[in-house]
Structures are given as structure tokens and as C-alpha cells.
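> just need the structure, nothing else, for what follows:
(2 chains)
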Amino acid sequence: AQSVTQLDSQVPVFEEAPVELRCNYSSSVSVYLFWYVQYPNQGLQLLLKYLSGSTLVESINGFEAEFNKSQTSFHLRKPSVHISDTAEYFCAVSVNNQGGKLIFGQGTELSVKP
Amino acid sequence: GEEVAQTPKHLVRGEGQKAKLYCAPIKGHSYVFWYQQVLKNEFKFLISFQNENVFDETGMPKERFSAKCLPNSPCSLEIQATKLEDSAVYFCASSQSRGTGELFFGEGSRLTVL
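Model prediction:
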């Protein structure tokens, strides 16, 4: 079975500071990896994904994540955050033979302060 | 449509009453997923469909929960005899391909059981 651990439940940070949200997963088979973002009272939006190829993936709004197979991690980073990045961030994995089902981590609340 | 549409946005039921939630997946998406989110975190997988067929129901509390995806109708999730612990936001998601796990989520239906 697969599992996802997000090590930080809350991450407070000042505007324009760098941030890293940590995600580790456990799986005996190859997985696909995702970061989703949830703004207040909204559904989940896909931020970025790793399916194959380059281990560094980027989003259109400046986030990036690096797949590290040896450390079974997929940490999310941004060099300079904005107030508008305040949201809940969820790391998730899926396995090809499970029909696309996503297994989510517990979420990390990113709070960006002015 | 171009987005996953969930109705109602809010539903209040007394304990023991029935609750029924609806989801219209994105047009052309063959896979539908239901998730339960309690207390702003922890997305619990409930069930998935491939067209009108149940693909994976490992997360469904079988005794009170049921779901359907019938042709030319919104998918539905029904809870018979609701309990207080069923209070949650229920998210529906759809996908074009079950292999990559890239799910598109609706805005959720908030069920409050009093």
C-alpha cells in the first residue's frame, strides 16, 4: 500500500521569503506524484506533477518540486512567496494499476504574512 | 461542461436523515472519483467509476453509503441514515485517463449533520 507524509502541518512565512513544503511517500512500486493547492472554500487545483522524465518539475506560478527516488521525497519549493500563495497544499501519489486513485498527505497550511 | 459541477453546495440534515449529493463530470471524462474531506484536511477516497461501472469501492462505508453513475445523468453519492461523523465536504473529481492520476476537482458539497 502507498502512503504520503507531509511533515509540516503549518508553515508561516513572510512575503518574498523562500519556502519549502516537505513531502515523503512510501510505495513498493513506481508512483506518479502530484501537488495540489486548495484555496479557502474551494476544491483542489493541480499545481504540478511528476509522471516521468526530468525529476525537476515547475508550475506556471513559480513553484517547483523535485522527485528524489532514493529519499522517496517530492518537496515543493518557491524562492519568493506572495500573499496570494496562502492556501492549503496537498501532496499526493497514484499508482498506475489503481485506476488513477490519488492517495493524499495530510496537507500543509502555508500562511504568508506581509 | 468544462468543469466538474457539484450540487448542492451546502446540505444540512438531521441525524438519521438521508443525504444525496450530485456530480456532473467534465464532458468527455470517463472516470469519476468521490472523496470525503473532514476538518479541512485528510482527503479520504470513497469510490471511483469508469463510466457507469464501479472501478474501486474500497473506501466506501458499505452499510450506509451508495453511489451511482448512470448514462446521461449526474453521478450521485447517497448516505442513508446520516450520522454526526458524516459531516464533511464531499468532493467529486473526474479524469480523462485513469493512468496518470490527473484529477479535476469540483468545489465540493458541504454536508452538516445535526
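
> isn't B:T7 right up against B:S109?
Yes - taking contact to mean Cβ atoms under 8 Å, the distance of 7.0 Å between B:T7 and B:S109 places them in contact. For every residue, glycine as well, the C-beta is placed using N, CA and C.

> what's the overlap in contacts for the two?
Common neighbours of B:T7 and B:S109 are listed as B:L21 (criterion: Cβ atoms under 8 Å, 6 or more residues apart in numbering or on different chains).

> more neighbours, those two?
Counted by other Cβ atoms under 10 Å in any protein chain shown, B:T7 and B:S109 do not tie: B:S109 has more neighbours, with 22 against 13.

> the more buried one and B:K62: what is the separation?
In this structure, B:S109 and B:K62 are separated by 21 Å, where distance is defined by Cβ to Cβ, to the nearest Å.

> for A:S27, same thing?
For A:S27, the distance to B:K62 equals 27 Å [Cβ to Cβ].

> looking at these two, which one has more neighbours?
Looking at A:S27 and B:K62 with other Cβ under 10 Å, you find the greater number of neighbours at A:S27, namely 16 against 7.

> hmm, that one is touching A:V4, no?
No - in terms of Cβ under 8 Å, A:S27 does not count as a neighbour of A:V4; the distance is 9.2 Å.

> what residues do those two have in common as contacts?
Both A:S27 and A:V4 are in contact with A:V93, where contact means Cβ under 8 Å, 6+ apart.

> start to end distance for stretch B:4-19?
Between the start and the finish of stretch B:4-19 there is a gap of 20 Å, counting by Cα to Cα, to the nearest Å.

> ok, now stretch A:74-94?
The first and final residues of stretch A:74-94 sit 13 Å from each other (Cα to Cα).
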